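K.L.:
Fold the following for me, if possible:
(4 chains)
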Amino acid sequence: MVTAQPYKRVLVQAEDFDLAMEMQQLRRHCPQAGAVVSFDGLVREFAKGQVLQRMHIEHYPGMTEKALLAIVEQALHRWPLLGVTLIHRYGDLEARAQIVMVATASLHRQAAFDACAFMMDFLKTEAPFWKKEIGALGARWVEAREADEQAKQQWSLPE
Amino acid sequence: MVTAQPYKRVLVQAEDFDLAMEMQQLRRHCPQAGAVVSFDGLVREFAKGQVLQRMHIEHYPGMTEKALLAIVEQALHRWPLLGVTLIHRYGDLEARAQIVMVATASLHRQAAFDACAFMMDFLKTEAPFWKKEIGALGARWVEAREADEQAKQQWSLPE
Amino acid sequence: MNITILYFARIKEVVNYSSEQVSLPDEVETIIALKSWLSNRGETWQKLFSGSGVVRAAINHELVDDMATFDEGDEVAFFPPVTGG
Amino acid sequence: MNITILYFARIKEVVNYSSEQVSLPDEVETIIALKSWLSNRGETWQKLFSGSGVVRAAINHELVDDMATFDEGDEVAFFPPVTGG
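P.N.:
Numbers count the residues shown, from 1 in each chain, chains lettered A, B, ... in the order given. Model prediction:
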């Protein structure tokens, strides 16, 4: 009784997004859902001990859209999802601003939780975004974290 | 730089809740959050092959509140959370109505994801709620699922 | 000893009680002994506590196992495995 | 062979280019050969591709490794490990 075509919404944009509205829309498109999981990623006020004034996010137009779609397709292939929303911003973001959201809808909770965490882990390691933190002490590019690469590895399927 | 006292909001109620408003409130109380994860549990339209007219949820007043608080305290003990919201409804719910929400805020995504999934797994096995499905073919109490008990076991800490 | 017993969900429907006050003989002070004492009420009760459907118990809002003991004035509850969330 | 090269983030700042069109000698057709060819431009380029900071590459929007080959008209990009999400 899962609808044939899952709902997909993938956006790369400078503008802010309305998490509440996006989740309502996801629910409306997935009337059979028993579970909806969302992740909301925010610019932190502190980074490496300094107060953050803003964060600049650069991306690779053209490649970004393809990378995000590929991540969503992988999730849809691995879990019985009814719908997915993925929105990632770029440009200059203030402290506490929203950076990214991923939301998943499924019949049962495990698929929604796993697929949402999976997409965040893959976003962190496969989507061409680069963050620069701008604070009182200056600007610095955020370094890729080994922990993010490890988080991705845990989703490896047995050969 | 984690605030000393995490934000806690735990409710058992017949009334519906406003997920968007609850998540805004959680974010407002956790200005240092880098990650907010939410779970929204809904009454499904179909159950065991029949169209569901409504779901009745019975609970054990007095024990329920304590069980939910204990689950939240366990999560706060295990993960560095900035805030938690947990709301569970009881009474008669229509198909597609909201049953339960859990939302977590933390500096980094892993704690928010894990704590949210943990609380749902413990809700399913430790909170005194009982669901009855009422459909065209009659009413039946939902049976406890072995899978839920197994999901809980995966959170066991080494002795 | 006097205690209050509460019943929930399917079990409440089977026994047709939601709560009752009972006066127990001195030797009935564990959950297992209480189940046995209630089973003497007749077939319905006997089936309930001996059947395949698991009956969970709580004393004063805490989940307990069959060997748990209760005291004067305690609240004991019987219910099926929970299915919330 | 003519290709377009794009640079992003820290690498863009180091080389001071965001994109360029280059005409390559015939033997330069892999990412590793292109890195070597660009390194001949001087110290800045040499340090970039030989230094400890990992430089990732993409051909036509697909992440690739050093041995990947490109063709006439392809878009090659160099950037640091990604840090989105």
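K.L.:
Report the buried residues of the lengthiest helix in chain A.
P.N.:
Ranked by residue count under DSSP state H, the longest helix found in chain A is helix A:109-126. By 16 or more other Cβ atoms under 10 Å in any protein chain shown, the buried positions in helix A:109-126 come out as A:109-126. From N, CA and C alone the C-beta is placed, and that goes for glycine too.
K.L.:
before we move on, what SS does whichever residue of chain C sits closest to chain B have?
P.N.:
Across chain C, the shortest distance to chain B (Cβ to the nearest Cβ) belongs to C:Gly84, at 2.6 Å. Secondary structure state of C:Gly84, per DSSP: H, G, I helix; E, B strand; the rest coil, is coil.
K.L.:
So for it, what's the nearest residue that isn't a sequence neighbour?
P.N.:
B:Phe129 (2.6 Å; Cβ to Cβ, 6 or more residues apart in numbering or on different chains).
K.L.:
Run me through the strand neighbours of the helix or strand of chain A with the lowest mean pLDDT, direction for each.
P.N.:
Lowest by mean pLDDT, DSSP states H and E among the helices and strands of chain A is strand A:46-47, with a mean of 80. Looking at strand A:46-47 with DSSP bridges, its partner strands are strand A:50-59 (antiparallel).
K.L.:
Buried residues, whichever helix or strand comes after the strand it pairs with. List them.
P.N.:
Using DSSP states H and E, the helix or strand that follows strand A:50-59 towards the C-terminus is helix A:63-78. For helix A:63-78, burial by neighbour count (16+ other Cβ under 10 Å) applies to A:63-65, A:67-68, A:71-72, A:74-76.
K.L.:
Report how many residues lie close to residue 26.
P.N.:
Picked chain A for this. By the criterion of other Cβ atoms under 10 Å in any protein chain shown, A:Leu26 has 22 neighbours.
K.L.:
you looked at the wrong chain, it should be chain C
P.N.:
The number of residues packed near C:Asp26 is 6, by other Cβ under 10 Å.
K.L.:
isn't A:Gly62 right next to D:Asn60, touching?
P.N.:
No - using Cβ atoms under 8 Å as the test, A:Gly62 is too far from D:Asn60 to be in contact (9.2 Å).
K.L.:
Kindly reformat the buried residues of helix A:63-78 as CSV containing distance to C:Ile11 and pLDDT.
P.N.:
Output for these, formatted as CSV (distance: Cβ to Cβ, whole Å; pLDDT from 0 to 100):
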residue, distance to C:Ile11, pLDDT
A:Met63, 60, 98
A:Thr64, 56, 98
A:Glu65, 56, 97
A:Ala67, 54, 97
A:Leu68, 50, 98
A:Ile71, 47, 98
A:Val72, 46, 98
A:Gln74, 46, 97
A:Ala75, 41, 98
A:Leu76, 42, 98
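K.L.:
Kindly reformat those residues as CSV and extend each row with distance to chain D.
P.N.:
Listed next are the buried residues of helix A:63-78 as CSV, based on distance: Cβ to the nearest Cβ, whole Å:
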residue, distance to chain D
A:Met63, 4
A:Thr64, 8
A:Glu65, 9
A:Ala67, 8
A:Leu68, 10
A:Ile71, 10
A:Val72, 14
A:Gln74, 14
A:Ala75, 14
A:Leu76, 19
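K.L.:
Show me what stretch C:40-49 is in contact with.
P.N.:
With contact meaning Cβ atoms under 8 Å, 6 or more residues apart in numbering or on different chains, stretch C:40-49 is reached by C:11, C:14-15, C:35-36, C:38-39, C:55.
K.L.:
Please indicate which of these are buried?
P.N.:
C:11, C:14-15, C:35, C:38-39, C:55.
K.L.:
Go through those residues and flag which are in strands.
P.N.:
Members of the buried ones among the contacts of stretch C:40-49 lying in strands (criterion: DSSP state E): none.
K.L.:
Which ones, among those, also lie beside chain A?
P.N.:
Among the buried ones among the contacts of stretch C:40-49, no residue sits close to chain A (Cβ under 8 Å from any Cβ of the partner chain).
K.L.:
okay if I get those as CSV plus distance to chain D and pLDDT?
P.N.:
Formatted as CSV, the buried ones among the contacts of stretch C:40-49 follow (distance: Cβ to the nearest Cβ, whole Å; pLDDT from 0 to 100):
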residue, distance to chain D, pLDDT
C:Ile11, 48, 96
C:Val14, 52, 94
C:Val15, 54, 94
C:Lys35, 53, 96
C:Leu38, 57, 97
C:Ser39, 58, 95
C:Val55, 47, 95
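K.L.:
Let's see which of those residues end up in helices.
P.N.:
Those of those lying in helices (DSSP H): C:11, C:14-15, C:35, C:38-39.
K.L.:
For chain A, what lies in contact range of chain B?
P.N.:
Counting by Cβ under 8 Å from any Cβ, chain A sits next to chain B at A:1, A:19-20, A:23-24, A:27, A:31-46, A:96, A:107, A:109-110, A:112-113, A:116-117, A:120, A:151.
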